[in-house]
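Trainee: Below is the sequence, then the predicted model.
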Amino acid sequence: MRITTVRTIVQTVIFLMFLMFVFATTFSHLDAAPGLKWVVSKFLEVDPLVGIATAVSTHTLYKGLGWCLAILIPTILLGRIFCNWICPYGILHHLVGWLFNTRNAKQKIESNRYRPLFALKYYVLIAMLVACVFGYLQIGLMDPICLVYRSFTVAVVPEWDRTLLELETIAGEMGTTLEPLRSREDPGGFVGGWVVGFILLFLVGMNLVIPRFFCRVLCPLGALLGSLSRFAVWRIERDPHKCTDCDLCLQSCEGASDPHTQLRMSECFVCFNCIEDCPHDALSFSMFPPKAHEVTSPDLRRRHAVLAGLIGLLFFRWTKSSAASTENFSAKVIRPPGSCEEQEFLERCIKCDQCIRVCPTNVLQPARLEAGIEGLWTPVLNFRMGFCQLQCTACGHVCPTGAIQRLSVEEKMGLGDFEAGGPVKLGTAHYDFGRCLPWSKNIPCMVCEEVCPVSPKAIHAEYRQLMLREGKKLVASATATSITLRDYPAPGEAVGEPSTFRPQQYRGDQTTSYHVQVRERATGLTRAYRIKGNDADTVLVDGTLDPIPRAGDVAALHLEFKVPKIDTELCIGCGICEHECPVVGDRRAVYVTAEGETRSQDYSDRLRNRSVRLTKTASLVAVDGEVDLLAMAAGAESRRTSTG
């Protein structure tokens, strides 16, 4: 069996395994087979660039990322074998290039010659690693594993599911179903998914211009492995005595590594196409061939490398100057349960969107610019799209870098051993009183209370009473159980007009009741009675009027109804109230912000602490009516030490 056939088989198996992991990364699959949570993110965990970059930015190596060291071993032995044999994004580019390659033999040879443009990926790597030194992790934007996971999560797989859902009717007419082929029942929607999709199409489509465009020109992981492959034990060796300079070895060269002359080891993908294409057996795969026959180091210019490092440094400084993670932090940036504090979160998150993929309610969405440019495509909760399920902690179990910590359901809900710390709070709900139906329009609505999942409920009902418009009346006559009313006279009038009501207008219901308050002219005493019905001008009260009002006494019609109130001590910011709120438009009547989140409560720095604990501490350490900030900070720091 030819070695290229073996490579094709390996590529097929690896890519099918990648697709299986992507389709298995759903809440239903992880719930049915909990062991999947240990394997669905393995491609990200074995990514050496992810491991090295997060270790540099956080000064720690997350335990799952230790697998990346295993990839360095075949790199030291064989060179950049990962790029063409294991990387699913590289395999995708290889497949597209093979399917749509319409060049003739001469054009293939010319398109696979090395170009100085191919050194760009090394400068991209330098810029990103320099930024990582300062805690600015952006490798997820360009890392191929992160990029392919993000593309499939928010663009490819949802479109696949939507297409199958549309074809379900046709399949039903044929007596079959396409449901087993769908990854989830509801494909959902993703903010900015079309941008990610078009980026994927552009990068893949560029293979028609430059074969393996992304791998040769932009890939920082390829640059990292290319830098290490200079130490490879086995390499492509050209025998100059057999070589006739026919350049046929360039026809199918995946890396444009110049096997027809001095091999560029940092560019070789170890595809073995050149060995099979050579008609004179001038190429072989040898151990420790003479280095005089190859170019071992990447084609870098020192000044260009310094400039790339400077760009990485300045990009870090300029994006931090927006203060999007400190004093200019947007309250709309609500992170998944178990997330690290914002600055530490940004030092860990690689924008792979695995958490978004596994979320069962579609509440997790890729961020645009609400978290600043540094937070682009990181996960945020969008409660217009969904809500955080009370007993779901799946996002933390698939996060490969620890940006979202693994929580148990008990820890998230503050039960059992975690009762003292309370539940994990994502934020706090608030009301827009100008849009809330009961508060602004006197329309009964308690949907938010009904759906609130915590116990006791964070949203409860209070009764509010107000006088109706033109509700001030005069008593015309009365009996022991009814009062006939007339309008209160306008200025300049001696007697008001007879009142006109709709039949049973003031009967009320389970959430609303009407009352009449009667003030005696003689004594000034006021008594209130509940109305149980009415006709054109008379209200029937519940009970007996004692004393019976006299003609000319002032009466006022009041409406008593339920209004929702939020207990901030109990609210966990799950967002189901905002998601289910019947008020639609640009903003719901109830909305959730990051204020009160528990992930930042142990930081004494007011620019990082968005919890309610710091506010409460401030009220406790007030001295002579002024807040003692030093005492407040010391108290918060002591709590952080005790909990750490």
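Mentor: Okay, I see it.

Trainee: C-alpha only now, for contacts and for neighbours.
Mentor: Fine.

Trainee: Might you list the low-confidence residue ranges for the protein?
Mentor: Within the chain, the ranges that satisfy pLDDT under 70 run 607, 612-644.

Trainee: Mind listing what's buried along whichever strand in it runs longest?
Mentor: Secondary structure of the chain per DSSP state E: the longest strand is strand 459-478. By 16 or more other C-alpha atoms under 10 Å, the buried positions in strand 459-478 come out as Ile459, His460, Met467, Gly471, Lys472, Lys473, Leu474, Val475, Ala476, Ser477, Ala478.

Trainee: before we move on, what about stretch 275-282?
Mentor: Quick answer for stretch 275-282 (16+ other C-alpha under 10 Å): Ile275, Glu276, Asp277, Cys278, Ala282.

Trainee: Can you name every helix or strand that the longest strand of the chain contacts?
Mentor: Using 3 or more C-alpha pairs under 8 Å, 6 or more residues apart in numbering; DSSP states H and E as the contact test, the elements touching strand 459-478 are helix 447-451, strand 482-487, strand 554-566.

Trainee: Most tightly packed of these?
Mentor: strand 482-487 (a mean of 23; mean count of other C-alpha atoms under 10 Å).

Trainee: who does it touch, helix- and strand-wise?
Mentor: strand 459-478, strand 538-541.

Trainee: who touches the shortest one?
Mentor: What it means is strand 538-541. Thr481, Ser482, Ile483, Thr484, Leu485, Tyr506, Tyr529, Arg530, Ile531, Lys532, Gly533, Asn534 (C-alpha atoms under 8 Å, 6 or more residues apart in numbering).

Trainee: Wait, the third one touches Ser477, no?
Mentor: Yes. The pair Ile483 and Ser477 passes the contact test of C-alpha atoms under 8 Å, sitting 6.1 Å apart.

Trainee: any residues in contact with both of the two?
Mentor: Shared contacts of Ile483 and Ser477, counting by C-alpha under 8 Å, 6+ apart, come down to Pro549.

Trainee: Quick check: Gly175 vs Thr169, distance?
Mentor: 10 Å (C-alpha to C-alpha, to the nearest Å).

Trainee: higher neighbour count, these two?
Mentor: Shown here are Gly175 and Thr169; by other C-alpha atoms under 10 Å, Thr169 has more neighbours (14 against 8).

Trainee: Where does that one sit: helix, strand or coil?
Mentor: Of the three states, Thr169 takes helix according to DSSP: H, G, I helix; E, B strand; the rest coil.

Trainee: ok so, going back, any chance of TSV for the helices and strands packed on strand 459-478, columns distance to Gln251?
Mentor: Below are the helices and strands packed on strand 459-478 laid out as TSV (distance: least, C-alpha to C-alpha, whole Å):
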stretch	distance to Gln251
helix 447-451	64
strand 482-487	97
strand 554-566	69
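
Trainee: Gly312 is nearest to which of those?
Mentor: strand 554-566 (45.3 Å; C-alpha to C-alpha).

Trainee: Past that closest one, which element shows up next along the chain?
Mentor: helix 576-580 (DSSP states H and E).

Trainee: Can you tell me which helices and strands that next one packs against?
Mentor: Packed against helix 576-580, as judged by 3+ C-alpha pairs under 8 Å, 6+ apart, are the following elements: helix 447-451, strand 590-593.

Trainee: can we see that at 10 Å?
Mentor: Applying 3 or more C-alpha pairs under 10 Å, 6 or more residues apart in numbering; DSSP states H and E, we find helix 576-580 packed against strand 428-431, helix 447-451, strand 590-593.

Trainee: Let's have those in JSON lines, adding distance to Asp417.
Mentor: Formatted as JSON lines, the helices and strands packed on helix 576-580 follow (distance: least, C-alpha to C-alpha, whole Å):
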{"stretch": "strand 428-431", "distance to Asp417": "24"}
{"stretch": "helix 447-451", "distance to Asp417": "27"}
{"stretch": "strand 590-593", "distance to Asp417": "28"}
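
Trainee: Looking at these, spot the one closest to Met1.
Mentor: strand 590-593 (60.9 Å).

Trainee: List of residues touching the closest one?
Mentor: 330-334, 381-384, 426-433, 435-436, 448, 564, 566, 571-583 (C-alpha atoms under 10 Å, 6 or more residues apart in numbering).

Trainee: Can I have the buried ones of those as a PyMOL selection?
Mentor: Buried residues among those (16+ other C-alpha under 10 Å), as a PyMOL selection:
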select buried, resi 330+332+333+334+381+382+383+384+426+427+428+429+430+431+435+436+448+564+566+571+572+573+574+575+576+577+578+579+580+581+582
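
Trainee: Buried residues, the longest helix belonging to the chain. List them.
Mentor: Counting residues, the longest helix found in the chain (DSSP state H) is helix 3-24. Within helix 3-24, the residues scored as buried using 16+ other C-alpha under 10 Å are Arg7, Gln11, Thr12, Ile14, Phe15, Phe18, Leu19, Phe21, Val22, Phe23, Ala24.

Trainee: tell me the phi and psi of the most centrally placed residue in the chain?
Mentor: The chain has Pro379 as the residue nearest its centroid, 2.0 Å off, counting by C-alpha atoms, centre = their mean. Main-chain dihedrals, Pro379, degrees, to the nearest 10: phi -80, psi 130.

Trainee: same check, this time on Gly386
Mentor: According to degrees, to the nearest 10, Gly386 has phi -180, psi -160.

Trainee: now the helices for the stretch 151-300 of the chain?
Mentor: With helices called from DSSP state H, counting those that start in this stretch, the stretch 151-300 of the chain shows them at 157-173, 193-205, 213, 220-228, 273-277.

Trainee: Adding distance to Arg599, write the contacts of strand 538-541 out as JSON lines.
Mentor: As requested, the contacts of strand 538-541 are exported to JSON lines (distance: C-alpha to C-alpha, whole Å):
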{"residue": "Thr481", "distance to Arg599": "60"}
{"residue": "Ser482", "distance to Arg599": "59"}
{"residue": "Ile483", "distance to Arg599": "59"}
{"residue": "Thr484", "distance to Arg599": "61"}
{"residue": "Leu485", "distance to Arg599": "59"}
{"residue": "Tyr506", "distance to Arg599": "49"}
{"residue": "Tyr529", "distance to Arg599": "51"}
{"residue": "Arg530", "distance to Arg599": "49"}
{"residue": "Ile531", "distance to Arg599": "51"}
{"residue": "Lys532", "distance to Arg599": "51"}
{"residue": "Gly533", "distance to Arg599": "53"}
{"residue": "Asn534", "distance to Arg599": "56"}
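
Trainee: Out of those residues, the closest to Ile236 would be?
Mentor: Tyr506 (91.6 Å).

Trainee: Settle this for me: that closest one is touching His515, isn't it.
Mentor: Yes. If you go by C-alpha atoms under 10 Å, Tyr506 and His515 touch, sitting 8.4 Å apart.

Trainee: Okay, the residue lying closest to Lys242 once chain neighbours are set aside and Glu267: tell me how far apart.
Mentor: Excluding the flanking residues, the one nearest Lys242 by C-alpha to C-alpha, 6 or more residues apart in numbering is Ala282, at 5.0 Å. Distance check for Ala282 against Glu267: by C-alpha to C-alpha, it reads 20 Å.
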